[in-house]
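Visitor: Dropping a prediction and its sequence here:
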Amino acid sequence: MNVFVVLQQMLVLLTMMALGYFVYRKGWLNDESYGHVSKICVNILNPCIVIYGVIGKDSNLPGQVVVQNLIFMCIYFVILILLSKPIIRMLKVSKGNRSIYELMLIFSNVGFMGIPVISSIFGQESVVLIAFYMLGYNLVLYTYGLYLSSKTEGAQITFQWKSLLNAGVISCIVALLLFGFQVQLAPSVVNFFDYVGNAVVPMSMMLIGASVAQHADRSFLTDIRMYVFSAIKLLVMPIAAALLMKGFAIDPLVKGVFVMMLAMPVGTIVVMFAKQAGADDMECTKGSVITTLLSIVTIPIVAAFL
């Protein structure tokens, strides 16, 4: 494993967060504009990066590998959804924060952290497999994730079935159709989704930094429960998956992507969903920052079990 690549990626993340902290402290970003930018990221930038993740991708992987990857992508989300509630009960999370912890456990940073880290370990051919995880991720995020966001403490939105027809779900359907039919788009169209979609990376990390600045007067890095949660998410679950999969005839690339996906930190999109819902985003901001910082150590440890 190329540890230097992981360290580089972490430095980029931390620098972007520091920029967000700086611009909030300078007053260039306030609470109102923070909410508006969050909506732009959730409803425009993130859907664009989903589509960009599949357009023009032509995989030379065997069909068996692709099918295995689809199966394990489904298993990935089923496991996280099923285990989230008992894990949260074990952690004795307050009722008002249970949905926040579910969001943090289920929705990891599969894009900005997942793609560079996993491709550095397994090569560029793993990017196509990751693209399917991103599609599944966004389908679950803009459906079940939207439902959980409406249940968070202080949320000012209520879940309605018609809300499932949103930019995230539509972008996933479009992406699946484009990939399934191998539609070749004009270079200018591909560039559009490239430029707009990838803007979500610095914007989301700067929003995390701004959120840290908002809560700088509170206890931030001394939450014992959050460290226990981080250990379960970043170490226990992926290592257990790696050990359990050793006895099965699974393609090494499929297995590696699955395990490393489980090892990713809390996704920054969770913070923006909580903010958009009108909930207190302190807990998920704390979870995103702490798990991202810890992942620089935990990702190499998990990789050693593959």
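Guide: Great, that's in hand. Residues are numbered from 1 along each chain as shown.
Visitor: From residue 235, how far out is residue 201?
Guide: From residue 201 across to residue 235, the span is 26 Å (C-beta to C-beta, to the nearest Å). Just so you know, the C-beta spots here come from the backbone N, C-alpha and C atoms, and that holds for glycine as well.
Visitor: typo on my end, residue 293
Guide: Distance check for residue 293 against residue 235: by C-beta to C-beta, it reads 14 Å.
Visitor: Which one of those two is surrounded by more residues?
Guide: The neighbour count for residue 293 versus residue 235, taken as other C-beta atoms under 10 Å, is higher for residue 235 (19 against 16).
Visitor: Just confirm the more buried one is within a helix.
Guide: Yes: counting by DSSP: H, G, I helix; E, B strand; the rest coil, residue 235 is found in a helix.
Visitor: Tell me who's in contact with it.
Guide: Contact analysis of residue 235 by C-beta atoms under 8 Å, 6 or more residues apart in numbering lists 263, 298, 301-302.
Visitor: What pLDDT is listed against the most centrally placed residue in the chain?
Guide: Nearest to the geometric centre of the chain sits residue 109, at 2.7 Å (C-alpha atoms, centre = their mean). At residue 109, the pLDDT value in this model is 85.
Visitor: The one 4 residues further on now?
Guide: Note for residue 113: predicted pLDDT of 75.
Visitor: Same check on residue 293?
Guide: The model's pLDDT for residue 293 equals 82.
Visitor: related to what we said a few turns ago, what's the ChimeraX syntax to select whichever of the contacts of residue 235 are buried?
Guide: Filtering these down to the buried ones (16 or more other C-beta atoms under 10 Å) takes a single ChimeraX command:
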select :263,298,302
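Visitor: And the furthest pair within the contacts of residue 235?
Guide: Spanning the widest gap among the contacts of residue 235 are 263 and 301, at 8.7 Å by C-beta to C-beta.
Visitor: which stretch of helix or strand covers residue 111?
Guide: Assigned by DSSP states H and E, residue 111 falls within no helix or strand.
Visitor: tell me the contacts of the closest residue to it other than its chain neighbours?
Guide: Nearest non-adjacent residue to residue 111, counting by C-beta to C-beta, 6 or more residues apart in numbering: residue 134, 6.0 Å away. Residue 134 makes contact with 49-50, 53, 110-111, 114, according to C-beta under 8 Å, 6+ apart.
Visitor: name the element residue 134 belongs to?
Guide: Using DSSP H and E, the element containing residue 134 is helix 126-140.
Visitor: what's the spacing between residue 192 and residue 55?
Guide: Noted for residue 192: a distance of 10 Å to residue 55, by C-beta to C-beta.
Visitor: more neighbours, the two?
Guide: Each of residue 192 and residue 55 has its neighbours counted (other C-beta under 10 Å); residue 55 has more, 19 against 15.
Visitor: That one belongs to a strand, doesn't it?
Guide: No: using three-state DSSP, the assignment for residue 55 is coil, not a strand.
Visitor: That one against residue 187, yeah?
Guide: No: if you go by C-beta atoms under 8 Å, residue 55 and residue 187 don't touch, sitting 10.6 Å apart.
Visitor: which regions of this structure sit below the pLDDT cut-off?
Guide: Per-residue confidence for the chain (pLDDT under 70) gives these ranges: 1-3, 5-6, 10, 56-60, 112, 124, 153-164, 215-220, 277-280.
Visitor: For the lengthiest helix in it, buried residues please.
Guide: Assignment by DSSP state H gives helix 63-90 as the longest helix of the chain. Buried residues in helix 63-90, counting neighbours by 16+ other C-beta under 10 Å, are found at 65-66, 68-69, 72-73, 76-77, 79-80, 84, 87-88.
Visitor: Next: stretch 11-26.
Guide: Buried-residue list, stretch 11-26, by 16+ other C-beta under 10 Å: 13-14, 16-17, 20-21, 23-24.
Visitor: Now do the longest helix of the chain against helix 126-140, angle only.
Guide: 50 degrees (axes from the mean of the first three to the mean of the last three C-alpha atoms, to 10 degrees).
Visitor: CA atoms only for stretch 192-202, dumped as CSV, please.
Guide: The C-alpha coordinates for stretch 192-202 follow below in CSV (Å, rounded to 0.1, in the frame of the first residue of the first chain):
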residue,chain,number,x,y,z
PHE,A,192,-19.1,20.1,-17.9
PHE,A,193,-19.9,17.2,-15.5
ASP,A,194,-16.2,17.0,-14.7
TYR,A,195,-15.8,20.6,-13.8
VAL,A,196,-19.1,21.1,-12.0
GLY,A,197,-19.1,17.7,-10.2
ASN,A,198,-15.6,18.0,-8.9
ALA,A,199,-16.4,21.4,-7.4
VAL,A,200,-18.2,19.4,-4.6
VAL,A,201,-14.8,18.3,-3.2
PRO,A,202,-13.4,21.7,-2.1
